[in-house]
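[1] Any chance you could fold what I've pasted below:
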Amino acid sequence: MYPDSLKNLIESFKFLPGIGEKTAERLAFSVLDLEEEQVSLFSNSLIDVKQKIHPCPICNTFTDDEKCFICNDFSRDNDVLCVVEDTKNVFLFEKLGMFHGKYHVLEGLISPLDGINPEDIGLDKLIDRVKNEKFKEIIFAFRPSIEGETTALYIKRVLDGLGVKITRLASGVPMGADMEYVDSLTLERALNDRKEIE
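    Numbers count the residues shown, from 1 in each chain. Just a heads-up that it's a prediction; the model follows:
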(Lines give C-alpha, C1' and ligand atoms only; values in the text may rest on other atoms or scores of the structure.)
Protein backbone atom coordinates (compact mmCIF):
# COMPACT_ATOMS: atom_id res chain seq x y z
CA MET A 1 0.00 0.00 0.00
CA TYR A 2 2.99 2.33 0.43
CA PRO A 3 4.91 3.86 -2.49
CA ASP A 4 8.04 1.83 -3.23
CA SER A 5 10.51 4.41 -1.91
CA LEU A 6 8.63 4.67 1.41
CA LYS A 7 8.27 0.91 1.65
CA ASN A 8 12.03 0.50 1.09
CA LEU A 9 12.75 3.03 3.84
CA ILE A 10 10.44 1.18 6.25
CA GLU A 11 12.14 -2.12 5.44
CA SER A 12 15.56 -0.47 5.91
CA PHE A 13 14.68 0.78 9.40
CA LYS A 14 13.71 -2.80 10.31
CA PHE A 15 17.36 -3.81 9.83
CA LEU A 16 18.09 -2.05 13.14
CA PRO A 17 17.78 -4.04 16.40
CA GLY A 18 14.54 -3.56 18.31
CA ILE A 19 12.76 -1.87 15.39
CA GLY A 20 9.53 -3.60 14.41
CA GLU A 21 6.96 -2.76 11.75
CA LYS A 22 5.16 0.04 13.63
CA THR A 23 8.33 1.78 14.80
CA ALA A 24 9.82 1.51 11.29
CA GLU A 25 6.68 3.11 9.81
CA ARG A 26 6.79 5.94 12.39
CA LEU A 27 10.48 6.61 11.66
CA ALA A 28 9.94 6.54 7.91
CA PHE A 29 7.09 9.07 8.14
CA SER A 30 9.29 11.23 10.41
CA VAL A 31 11.90 11.34 7.64
CA LEU A 32 9.28 12.84 5.33
CA ASP A 33 8.95 15.76 7.77
CA LEU A 34 12.69 16.49 7.84
CA GLU A 35 14.31 19.27 5.83
CA GLU A 36 16.29 18.12 2.80
CA GLU A 37 19.57 19.18 4.47
CA GLN A 38 18.76 17.02 7.50
CA VAL A 39 18.03 14.02 5.28
CA SER A 40 21.33 14.58 3.43
CA LEU A 41 23.21 14.74 6.73
CA PHE A 42 21.48 11.56 7.90
CA SER A 43 22.22 9.62 4.70
CA ASN A 44 25.84 10.87 4.55
CA SER A 45 26.33 9.89 8.18
CA LEU A 46 25.20 6.34 7.44
CA ILE A 47 27.62 6.09 4.52
CA ASP A 48 30.49 7.67 6.49
CA VAL A 49 30.08 5.34 9.44
CA LYS A 50 30.36 2.30 7.15
CA GLN A 51 33.26 3.64 5.10
CA LYS A 52 35.37 5.39 7.77
CA ILE A 53 34.91 3.51 11.05
CA HIS A 54 37.41 0.69 11.65
CA PRO A 55 39.02 -1.04 14.63
CA CYS A 56 42.07 0.66 16.14
CA PRO A 57 45.14 -1.43 15.19
CA ILE A 58 46.30 -1.37 18.84
CA CYS A 59 43.19 -1.88 21.00
CA ASN A 60 40.33 -2.68 18.55
CA THR A 61 38.20 0.30 19.69
CA PHE A 62 36.23 1.83 16.81
CA THR A 63 37.85 4.90 15.31
CA ASP A 64 37.92 6.94 12.13
CA ASP A 65 41.57 7.94 12.64
CA GLU A 66 44.73 5.88 12.24
CA LYS A 67 44.62 5.14 16.00
CA CYS A 68 41.75 5.68 18.45
CA PHE A 69 41.53 8.69 20.77
CA ILE A 70 42.59 6.58 23.77
CA CYS A 71 45.74 5.13 22.17
CA ASN A 72 46.61 8.67 21.01
CA ASP A 73 46.25 10.06 24.57
CA PHE A 74 49.71 10.04 26.17
CA SER A 75 48.31 11.13 29.54
CA ARG A 76 46.62 7.74 30.11
CA ASP A 77 47.89 5.33 32.76
CA ASN A 78 50.03 2.78 30.91
CA ASP A 79 50.08 0.36 33.86
CA VAL A 80 46.40 -0.67 33.75
CA LEU A 81 44.55 -2.40 30.90
CA CYS A 82 40.78 -2.87 30.93
CA VAL A 83 39.67 -5.76 28.69
CA VAL A 84 36.10 -5.58 27.36
CA GLU A 85 34.06 -7.66 24.96
CA ASP A 86 32.63 -4.80 22.90
CA THR A 87 33.58 -1.25 21.86
CA LYS A 88 30.31 0.06 23.33
CA ASN A 89 31.70 -0.81 26.77
CA VAL A 90 34.74 1.41 26.19
CA PHE A 91 32.45 4.37 25.58
CA LEU A 92 30.40 3.49 28.69
CA PHE A 93 33.49 3.67 30.90
CA GLU A 94 34.70 6.83 29.18
CA LYS A 95 31.37 8.54 29.87
CA LEU A 96 31.92 7.84 33.58
CA GLY A 97 35.28 9.62 33.36
CA MET A 98 36.73 7.50 36.20
CA PHE A 99 39.04 5.10 34.40
CA HIS A 100 42.25 6.56 32.98
CA GLY A 101 44.08 3.45 31.82
CA LYS A 102 44.13 1.71 28.45
CA TYR A 103 41.55 -0.61 26.91
CA HIS A 104 41.56 -3.73 24.79
CA VAL A 105 38.42 -4.87 22.95
CA LEU A 106 37.98 -8.57 22.30
CA GLU A 107 35.94 -9.91 19.40
CA GLY A 108 33.28 -11.35 21.72
CA LEU A 109 33.38 -13.93 24.52
CA ILE A 110 34.24 -17.63 24.53
CA SER A 111 31.04 -19.66 24.08
CA PRO A 112 31.60 -23.30 23.02
CA LEU A 113 27.83 -23.87 22.76
CA ASP A 114 27.71 -21.17 20.07
CA GLY A 115 30.88 -22.43 18.39
CA ILE A 116 32.97 -19.47 19.62
CA ASN A 117 36.37 -20.72 20.78
CA PRO A 118 39.40 -18.86 22.23
CA GLU A 119 40.98 -18.47 18.79
CA ASP A 120 37.79 -16.74 17.51
CA ILE A 121 37.91 -13.71 19.82
CA GLY A 122 41.35 -12.27 19.02
CA LEU A 123 43.21 -13.44 22.13
CA ASP A 124 46.60 -13.59 20.36
CA LYS A 125 46.55 -9.82 19.91
CA LEU A 126 45.70 -9.29 23.59
CA ILE A 127 48.41 -11.67 24.82
CA ASP A 128 51.06 -10.06 22.59
CA ARG A 129 50.03 -6.65 23.87
CA VAL A 130 50.22 -7.70 27.53
CA LYS A 131 53.71 -9.13 26.97
CA ASN A 132 55.00 -6.11 25.03
CA GLU A 133 53.48 -3.25 27.02
CA LYS A 134 54.28 -4.59 30.53
CA PHE A 135 50.96 -3.75 32.21
CA LYS A 136 50.86 -4.12 36.00
CA GLU A 137 47.13 -4.83 36.18
CA ILE A 138 44.58 -6.33 33.80
CA ILE A 139 40.90 -5.68 34.56
CA PHE A 140 38.30 -7.99 33.03
CA ALA A 141 35.12 -5.97 32.42
CA PHE A 142 32.91 -8.69 30.92
CA ARG A 143 29.20 -9.12 31.42
CA PRO A 144 28.51 -11.41 34.39
CA SER A 145 27.54 -14.61 32.60
CA ILE A 146 28.86 -18.10 31.97
CA GLU A 147 30.58 -16.81 28.80
CA GLY A 148 32.14 -13.91 30.71
CA GLU A 149 33.37 -16.20 33.47
CA THR A 150 34.72 -18.75 30.99
CA THR A 151 36.59 -16.05 29.06
CA ALA A 152 38.04 -14.49 32.24
CA LEU A 153 39.28 -17.83 33.59
CA TYR A 154 40.75 -18.85 30.24
CA ILE A 155 42.68 -15.59 29.79
CA LYS A 156 43.85 -15.69 33.41
CA ARG A 157 45.27 -19.19 32.85
CA VAL A 158 47.05 -18.06 29.67
CA LEU A 159 48.55 -15.00 31.42
CA ASP A 160 49.68 -16.88 34.55
CA GLY A 161 53.40 -16.50 35.08
CA LEU A 162 53.68 -13.05 33.47
CA GLY A 163 53.64 -11.33 36.88
CA VAL A 164 50.60 -9.18 36.12
CA LYS A 165 47.79 -8.61 38.64
CA ILE A 166 44.45 -9.79 37.23
CA THR A 167 41.18 -8.35 38.51
CA ARG A 168 37.56 -8.27 37.43
CA LEU A 169 34.61 -6.00 38.07
CA ALA A 170 32.99 -6.51 41.46
CA SER A 171 29.58 -8.07 41.78
CA GLY A 172 27.81 -4.71 41.66
CA VAL A 173 26.91 -5.68 38.10
CA PRO A 174 24.05 -8.22 38.33
CA MET A 175 24.31 -11.67 36.75
CA GLY A 176 22.92 -11.84 33.23
CA ALA A 177 22.89 -8.06 32.79
CA ASP A 178 23.89 -6.53 29.49
CA MET A 179 26.67 -4.01 30.25
CA GLU A 180 24.98 -1.49 27.95
CA TYR A 181 21.97 -1.24 30.29
CA VAL A 182 23.77 -1.11 33.65
CA ASP A 183 23.29 2.28 35.33
CA SER A 184 26.35 4.45 35.86
CA LEU A 185 26.33 4.21 39.69
CA THR A 186 26.36 0.39 39.60
CA LEU A 187 29.10 0.43 36.96
CA GLU A 188 31.15 2.93 38.99
CA ARG A 189 30.83 0.79 42.15
CA ALA A 190 31.76 -2.36 40.24
CA LEU A 191 34.86 -0.68 38.82
CA ASN A 192 35.97 0.67 42.21
CA ASP A 193 35.33 -2.64 44.03
CA ARG A 194 37.06 -4.91 41.54
CA LYS A 195 38.69 -8.02 43.05
CA GLU A 196 41.68 -10.13 42.12
CA ILE A 197 40.72 -13.48 40.57
CA GLU A 198 41.89 -16.30 42.83
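
[2] roughly how far out does the longest helix anywhere in the chain sit from the chain middle?
    In the chain, taking DSSP state H as the definition, the longest helix is helix 36-52. With C-alpha atoms, centre = their mean, to the nearest Å as the basis, helix 36-52 stands 23 Å off its chain's centre.

[3] mean confidence score for that helix?
    If you average the pLDDT over helix 36-52, you get 95.

[4] Contacts for it, please.
    31, 34, 64 (C-beta atoms under 8 Å, 6 or more residues apart in numbering). Where you see a C-beta, it was placed from the backbone N, CA and C, and this is true even at glycine.

[5] Which helix or strand lies directly C-terminal to it?
    strand 54-55 (DSSP states H and E).

[6] Can you name every helix or strand that that next one contacts?
    strand 62-63 (3 or more C-beta pairs under 8 Å, 6 or more residues apart in numbering; DSSP states H and E).

[7] average model confidence for the strand it packs on?
    Averaged across strand 62-63, pLDDT comes to 96.

[8] Packing partners of that strand?
    Contact here means 3+ C-beta pairs under 8 Å, 6+ apart; on that basis strand 62-63 packs against strand 54-55.

[9] ok, now with 10 Å
    When contacts are defined as 3 or more C-beta pairs under 10 Å, 6 or more residues apart in numbering; DSSP states H and E, strand 62-63 sits against helix 36-52, strand 54-55, helix 87-96.

[10] out of these, deepest packed?
    helix 87-96 (a mean of 17; mean count of other C-beta atoms under 10 Å).

[11] Show me what it is packed up against.
    Using 3+ C-beta pairs under 10 Å, 6+ apart, helix 87-96 sits against strand 62-63, strand 80-84, strand 102-105, helix 184-192.
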